[in-house]
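[1] Predicted model, plus sequence, below.
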Amino acid sequence: MSSDLSNNMFIYLDNLVKVEGTKEELFLIPYPRYVITNNAFNLRIHDSSKIFTDLPDDSNYIIDHLQNSLLSSNLKNKLEIVIVPNNENSKEIKSFLDKNIKLFPGTLYNEVTVKKNYQDQGYVLISDDSKIIIEAKSEQGIFYGVQTFVQLLNSS
């Protein structure tokens with residue numbers, strides 16, 4: 001099982017801070033089809049966190065929405081944005097995604113990502129101790145992934 005970021009759009013946040021927390025039920029609307037939580041901790045974004053993305057310029061409104069949501073959740077400054085051209089995807093980002101895709105049971109990742117619903121508007125949101133990635137095939141999928149991330153941010 002391996003990711004192919006060259007055919008996907010992504011937003012990747014790194015340099016996050018792990019904060020101990022409790023494992024709580026997630027309240028998301030709409031609720032994702034598949035959710036797995038491995039650890040009882042929360043991630044906090046701070047001013048030295050960065051956003052890496054390959055979104056085209058006409059999708060800047062998605063990054064703007066994310067930045068404004070982060071500012072309204074007590075971040076003092078907008079985060080640095082690093083544009084990663086699609087044909088130059090970072091090995092670190094691909095490695096992070098590949099490592100975490102292995103956590104999906106069986107062939108679930110591949111089964112989900114080939115479905116038309118995923119192709120049109122679906123997304124995958126994965127986090128670990130210090131990183132988060134939102135991956136999608138479409139702009140609409142990235143937007144929905146950011147909306148879910150904002151809900152998670154506001155609930156923690």
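    Done, it's in.

[2] So for the spatially closest residue to Gln151 that is not a sequence neighbour, what's the pLDDT?
    Distances taken as CB to CB, 6 or more residues apart in numbering put Leu28 closest to Gln151, at 5.3 Å, once the chain neighbours are dropped. Every residue, glycine included, has its C-beta placed from N, CA and C. In the predicted model, Leu28 carries a pLDDT score of 79.

[3] What of Leu16?
    82.

[4] same thing with the one 5 residues further on?
    Confidence per residue is given as pLDDT, and for Gly21 that number is 61.

[5] Equivalent analysis for the one 4 residues further on, please.
    On the pLDDT scale, Glu25 is placed at 68.

[6] Look up phi and psi at the residue nearest to Gln151.
    phi -130, psi 140 (degrees, to the nearest 10).

[7] neighbours around it, how many?
    Leu28: 13 surrounding residues under other CB atoms under 10 Å.

[8] my guess is it contacts Leu152, does it?
    Yes: contact criterion CB atoms under 8 Å: Leu28 and Leu152 qualify, at 7.4 Å.

[9] Let me know whether Leu66 touches Val150 as I believe.
    Yes: using CB under 8 Å, Leu66 makes contact with Val150 at a distance of 7.4 Å.

[10] neighbour count winner among the two?
    Set Leu66 next to Val150 and count neighbours by other CB under 10 Å: Leu66 wins out with 26 against 17.

[11] how about the nearest residue to that one, chain neighbours excluded?
    Val146 is the one closest to Leu66 (CB to CB, 6+ apart), at 5.2 Å.

[12] show me what contacts that neighbour?
    Applying CB atoms under 8 Å, 6 or more residues apart in numbering to Val146 gives the contacts 11, 62, 65-66, 69, 134.

[13] Quick check on those residues: which are buried?
    Buried members of those, scored by 16 or more other CB atoms under 10 Å, are 11, 62, 66, 69, 134.

[14] re the thing from before, residue contacts, the residue nearest to Gln151?
    So Leu28 contacts 148, 151-152 (CB under 8 Å, 6+ apart).
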